[in-house]
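Asker: need a structure here:
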Amino acid sequence: MSTSANYMSALLLALATMPGVMFAKFYLNDISFKKRWLGIYQLICLAMIVLLVEYLSIILTDLYLISTTIDKNAEFIFNPFFIWLMTIAFISLEILLENKINMESEEEIPRFIEFTSERKKISLEIDTITFIESCDDEVWVRTSSEISYRTKMNISNWELTLDSRFIRIHRSYLVNRSHITKITPTKIWVGNKSLEVSRKYGDKVA
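Answerer: As a prediction, this is how the structure comes out:
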């Protein structure tokens, strides 16, 4: 068999495994092991369905694949353990890449912010900030520990400095989404404290 024919056979074989891999990836997250035996049963059923899908895919793949490999590699291609191994390999690679991308994304999100309050330099974990409140000429940083920091940086600059974890709901309030406990068209609650939602920012809150 020529080199080009070998490459074509390998390509078609790889393509033939993709439907089963996609099927397994799609339904794998639905399997739960909260009930152990039910989870095992669901996993076995998924494995058998994937095997069936792969068999059908290989059989329906271009006749060139079967005609050039049936004598030498038929048992290898249709071996269920080979099919499951290929499926696991593809899914594992996809999961590893997804985890790496997620880890890199998390590393890009800053955990701390530094600012000046009462002439002191403050380093504060961003997730502990519940909301930023503008009171006339003063801006207060409210935190989950109920400690507040007064700062001269205006709320618009805070909005530019902080990321999408925070949402502007009023000219006086910039709120950490993760600390919102209740939302209505005109108010939101951060813990037990209610904050007014202005019409200008109402669409963002909704």
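
Asker: use CA for all of it now, contacts and neighbours both
Answerer: Fine.

Asker: Look up how far residue 30 lies from residue 42.
Answerer: For residue 42, the distance to residue 30 (CA to CA, to the nearest Å) stands at 9 Å.

Asker: Compare these two (neighbour count), which wins?
Answerer: For residue 42 and residue 30, the more surrounded residue by other CA atoms under 10 Å is residue 42, and the numbers stand at 18 against 11.

Asker: Could you report the pLDDT at the more buried one?
Answerer: On pLDDT, residue 42 comes in at 80.

Asker: Where do the strands of this structure begin and end?
Answerer: Using DSSP state E, the strands found in the chain span residues 112-117, 120-125, 129-135, 138-143, 148-151, 166-170, 173-176, 180-183, 187-190, 193-196.

Asker: The fifth one packs against which elements?
Answerer: Looking back up the chat, that one is strand 148-151. Contacts of strand 148-151 with other secondary structure elements, assessed using 3 or more CA pairs under 8 Å, 6 or more residues apart in numbering; DSSP states H and E, are made with strand 112-117, strand 138-143.

Asker: Of these, which is nearest residue 48?
Answerer: Taking CA to CA, strand 112-117 is the member of the helices and strands packed on strand 148-151 nearest to residue 48, at 48.9 Å.

Asker: Direction-wise, compare the closest one with strand 120-125 and give the angle.
Answerer: 150 degrees (axes from the mean of the first three to the mean of the last three CA atoms, to 10 degrees).

Asker: what's the nearest residue to residue 154 if we skip its chain neighbours?
Answerer: residue 139 (6.3 Å; CA to CA, 6 or more residues apart in numbering).

Asker: List the beta-bridge partners for that neighbour.
Answerer: According to DSSP bridges, the partner residues bridging residue 139 are residue 134, residue 151.
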